[in-house]
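Chemist: what would the 3D arrangement of this be:
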Amino acid sequence: MSDKTPISKAPIGTPAGAPPVVTQAWRDIWRVYAEAATLRMLLLGFSAGLPLLLVFGTLSFWLREAGVDRTTIGYLSWVGLAYGFKWVWAPLVDRMPIPVLTRWLGRRRSWLLLAQLTVMGGLVGIALTDPRAALTPVVWCALAVAFGSATQDIALDAYRIESADTQRQAALAASYQTGYRIAMIWAGAGALWIAARAEVPNAALYQQDAWQTAYLAMAASMLLGVVTVLFSPEPAVRALAPSRNAAEWLQSALVEPFADFLRRYGKQALLILGLIAVYRISDVVMGIMANPFYVDMGYTKDEVAAVTKIYGVIMTLAGAFVGGALAMRFGVMRVLMLGAVLSAASNLLFAWLGSRGHDVNALIFVISADNLASGIASAAFIAYLSSLTNINYSATQYALFSSMMMLLPKFLAGYSGKYVDAFGYSHFFTATALLGLPVLVLVWLASRTQAPRQS
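Modeler: Residues are numbered from 1 along each chain as shown. Okay, the predicted model is just below:
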């Protein structure tokens with residue numbers, strides 16, 4: 001069987017927004033991972049995943065070590081709301097050319113390059129500031145990183161969707177997610193390892209120069225994405241109808257992408273948007289306090305880095321590839337349900353870890369389970385979101401979906417430090433697991449609805 005063999009059409013009763021059921025053999029499914037577009041998405045996924053922890057998890061470790069209180073760290077996580085509002089400027093990324101760059105690289109790659117350079121500049125700015133002296137410069141630089149990262153996500157999601165047919169979106173999503181997760185491990189474990197290596201022995205617990213070295217190294221790591229963009233092909237150019245005036249441009253760029261989604265899904269749109277809004281809520285709300293938790297439990301930078309680097313990498317790779325393969329073989333909705341169950345359950349493991357004291361073996365088990373669950377859930381969820389988009393509005397519609405995915409969780413996460421201060425870590429992790437219960441109901445309801453007729 002060729003790897004170009006078409007998939008079957010969706011039968012009656014296919015879940016809303018889910019891609020058609022796949023009938024490929026296992027050997028052809030795994031062969032997709034060796035295609036150039038899939039390997040390219042691995043590298044671009046690394047570029048997309050690198051900034052996230054550097055303005056959330058790793059930064060929270062740095063700030064906690066610098067003596068910043070947990071409540072302030074929680075509030076600073078609201079920098080991530082930039083991801084929740086990226087749909088506002090997504091129409092510009094979808095349609096507006098960048099002088100000189102677009103003529104040289106094309107619409108998608110020009111925005112990718114500009115966003116990557118913005119992220120690099122913000123990371124250098126963070127590296128050159130000291131949070132003990134003033135937090136305001138850190139916040140502004142973190143905002144620049146978050147804005148650049150969100151813009152990169154907009155352009156990259158559109159690039160991914162336009163680079164392959166629907167049949168290969170699950171594989172591209174899995175490859176993208178693998179690169180994304182590897183980057184998160186590098187931005188988490190790697191940054192901690194570099195900071196630990198840069199410390200002066202027998203000096204003070206907090207050393208600003210060590211963190212500066214780590215963040216400059218992270219800024220340099222963005223060059224991998226820059227080089228990939230420069231040597232990647234631009235997707236086939238879609239002709240855009242010229243707009244006669246500003247009102248017509250706003251109609252086509254801002255209104256029509258959202259109207260198209262509502263027309264295609266009708267009443268099902270509310271269910272789909274509700275599912276998108278809460279699917280990752282357990283992970284996101286819990287994640288802000290993970291690194292402060294490690295610091296307060298007495299784990300060193302080397303211990304957290306070593307466990308995440310070894311076991312986190314293995315389980316992340318396994319989760320992303322298994323999740324993508326299962327989604328292609330058995331359908332996205334079944335794997336979405338599996339991912340939702342595993343994500344909530346892994347948060348309960350953190351509550352258990354809090355009762356163990358300083359136990360490295362328990363840390364290994366919990367981080368491994370958490371990465372496996374997250375990899376499976378993310379690969380299926382990305383494929384699901386991709387299947388909802390109309391290719392004519394890929395950047396704007398996908399930005400809307402992924403923004404909704406982050407908006408409510410990031411808002412709630414801002415209060416995570418205050419919650420921990422009031423009730424403790426164990427109670428907090430249990431509460432974040434319970435946040436996942438509505439997700440199970442929404443996935444079940446979405447799996448029982450029919451997909452809209454395709455024109």
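Chemist: got the buried residues for the helix or strand where A351 lies?
Modeler: Taking DSSP states H and E as the criterion, A351 maps to helix 332-354. For helix 332-354, a neighbour-count test (16 or more other C-beta atoms under 10 Å) marks 332-344, 346-351, 353-354 as buried. Any C-beta I mention is one placed from the backbone N, CA and C, and that applies to glycine too.
Chemist: stretch 116-128 now?
Modeler: Q116, T118, V119, M120, G122, L123, V124, G125, I126, A127.
Chemist: try stretch 296-312
Modeler: M297, Y299, K301, E303, V304, A305, A306, V307, T308, K309, Y311, G312.
Chemist: measure it end to end?
Modeler: 21 Å (C-alpha to C-alpha, to the nearest Å).
Chemist: residues making contact with it?
Modeler: 61, 64, 185, 188-190, 192-193, 195-196, 291, 294, 353-354, 357-358, 360, 363-364, 367-368, 371, 425 (C-beta atoms under 8 Å, 6 or more residues apart in numbering).
Chemist: filter these to the buried ones?
Modeler: Applying 16+ other C-beta under 10 Å to the contacts of stretch 296-312 flags 61, 64, 185, 188-190, 192-193, 195-196, 291, 294, 353-354, 363-364, 367-368, 371, 425 as buried.
Chemist: contacts only, for A189.
Modeler: V304, A305, A306, V307, T308, K309, G312.
Chemist: neighbours around A247, how many?
Modeler: Residues within reach of A247, counting by other C-beta atoms under 10 Å, total 9.
Chemist: for I382, which non-adjacent residue is spatially closest?
Modeler: Excluding its sequence neighbours, the residue lying closest to I382 (C-beta to C-beta, 6 or more residues apart in numbering) is A173, at 3.8 Å.
Chemist: let me fix that, I meant to ask about D69.
Modeler: G417 (7.5 Å).
Chemist: what's the local residue count around the one you found?
Modeler: G417 has 25 neighbours, counted by other C-beta under 10 Å.
Chemist: can you pull out the strands in the stretch 251-400 of the chain?
Modeler: In the stretch 251-400 of the chain, no strands are defined using DSSP state E, counting those that start in this stretch.
Chemist: run through it and note the low-pLDDT ranges.
Modeler: 253-254, 309, 394-395 (pLDDT under 70).
Chemist: that older thread, okay if I get the buried residues of stretch 296-312 as JSON lines plus distance to A158?
Modeler: Output for those, formatted as JSON lines (distance: C-beta to C-beta, whole Å):
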{"residue": "M297", "distance to A158": "41"}
{"residue": "Y299", "distance to A158": "39"}
{"residue": "K301", "distance to A158": "37"}
{"residue": "E303", "distance to A158": "40"}
{"residue": "V304", "distance to A158": "35"}
{"residue": "A305", "distance to A158": "34"}
{"residue": "A306", "distance to A158": "37"}
{"residue": "V307", "distance to A158": "36"}
{"residue": "T308", "distance to A158": "31"}
{"residue": "K309", "distance to A158": "32"}
{"residue": "Y311", "distance to A158": "34"}
{"residue": "G312", "distance to A158": "29"}
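Chemist: of these, which belong to helices?
Modeler: K301, E303, V304, A305, A306, V307 (DSSP state H).
Chemist: closest one to I281 out of the residues you listed, please.
Modeler: V304 (24.1 Å; C-beta to C-beta).
Chemist: give me the distance between the closest one and M405.
Modeler: 26 Å (C-beta to C-beta, to the nearest Å).
Chemist: any idea of the pLDDT on the residue nearest to the spatial centre of the chain?
Modeler: For the chain, the residue nearest the mean C-alpha position is G49 (6.4 Å; C-alpha atoms, centre = their mean). pLDDT recorded at G49 is 91.
Chemist: got the contact list for it?
Modeler: Per C-beta under 8 Å, 6+ apart, neighbours of G49: G179, Y180, R181, I182, A183, M184, A187.
Chemist: repeat that for D130.
Modeler: Per C-beta under 8 Å, 6+ apart, neighbours of D130: Q208.
Chemist: ok, now Y398?
Modeler: I154, D157, A158, I161, L385, S386, T389.
Chemist: export those residues to CSV and append columns for distance to F56.
Modeler: Shown next, in CSV, are the contacts of Y398 (distance: C-beta to C-beta, whole Å):
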residue, distance to F56
I154, 19
D157, 20
A158, 24
I161, 26
L385, 21
S386, 24
T389, 26
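Chemist: check the offset of stretch 293-301 from the chain's centre.
Modeler: 25 Å (C-alpha atoms, centre = their mean, to the nearest Å).
Chemist: endpoints of it, how far apart?
Modeler: 12 Å.
Chemist: if we can go back for a sec, so of the contacts of G49, which ones are in strands?
Modeler: Judged by DSSP state E, strands contain none of the contacts of G49.
Chemist: and the closest residue to L128 other than its chain neighbours, how many residues sit next to it?
Modeler: Spatial nearest neighbour of L128, chain neighbours left out: Q212 (6.9 Å); criterion: C-beta to C-beta, 6+ apart. Residues near Q212, counting by other C-beta under 10 Å, number 18.
Chemist: what comes into contact with the helix or strand Q212 falls within?
Modeler: Element membership of Q212, judged by DSSP H and E, is helix 208-221. With C-beta under 8 Å, 6+ apart as the test, helix 208-221 has contacts from 50, 54, 58, 62, 120, 123-124, 126-128, 130, 132, 183, 186-187, 190-192, 194-196, 198-200.
Chemist: R70 and L275, how far apart?
Modeler: Counting by C-beta to C-beta, the gap from R70 to L275 is 31 Å.
Chemist: all set now, cheers.
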